[in-house]
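> Just the structure for this:
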Amino acid sequence: MAEAVKAAEPFEVTKATTMGEMLAHDMGIAQVLMRSGMHCVGCPSSIGESLEDACAVHGLDADQVLAAIKEYLAGR
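Below you'll find the model as predicted:
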């Protein structure tokens, strides 16, 4: 029953969303992140990082990565 409730709740990704939260919501986001140049998606230390922090560490534009994630989620 908890799965049904979780699925019904809206999920909005922001630059403050942690990597762990995104991947718990949809593992397909990992492919988007890897295509963007973030290849340490499975790294245990990345789970608590915000999208913005992870992008900064990898020299990526957080707004561009966020847009790619939102595009992916809209197309599911």
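> what separates the most centrally placed residue in the chain from Ser45, distance-wise?
Centroid-nearest residue in the chain: Met22, 3.9 Å away (criterion: Cα atoms, centre = their mean). Using Cβ to Cβ, to the nearest Å, one obtains 15 Å as the distance from Met22 to Ser45. Glycine gets a C-beta too; all of them are placed from N, C-alpha and C.
> now do Asp53
Taken as Cβ to Cβ, the spacing of Asp53 relative to Ser45 amounts to 11 Å.
> now His58
Separation of His58 from Ser45 (Cβ to Cβ) stands at 13 Å.
> Name the residue in those two with the higher neighbour count.
Neighbours per residue, other Cβ atoms under 10 Å: of His58 and Ser45, the larger number sits with His58, 16 against 10.
> My guess is that one contacts Met38. True?
Yes. Counting by Cβ atoms under 8 Å, Met38 is a contact partner of His58 at 5.3 Å.
> need the longest helix for this protein.
For the chain, the helix that runs over the most residues, judged by DSSP state H, is helix 62-74.
> Run through the neighbouring helices and strands of that one.
For helix 62-74, the contact count by 3 or more Cβ pairs under 8 Å, 6 or more residues apart in numbering; DSSP states H and E identifies helix 29-36, helix 51-58 as packing neighbours.
> Could you say which one of the ones you listed comes nearest to Thr18?
When the helices and strands packed on helix 62-74 are ranked by proximity to Thr18, the top entry is helix 51-58, at 7.6 Å, counting by Cβ to Cβ.
> the inter-axis angle of that closest one versus helix 29-36?
Angular relation of helix 51-58 and helix 29-36 on a 0 to 180 degree scale: 30 degrees, by axes from the mean of the first three to the mean of the last three Cα atoms, to 10 degrees.
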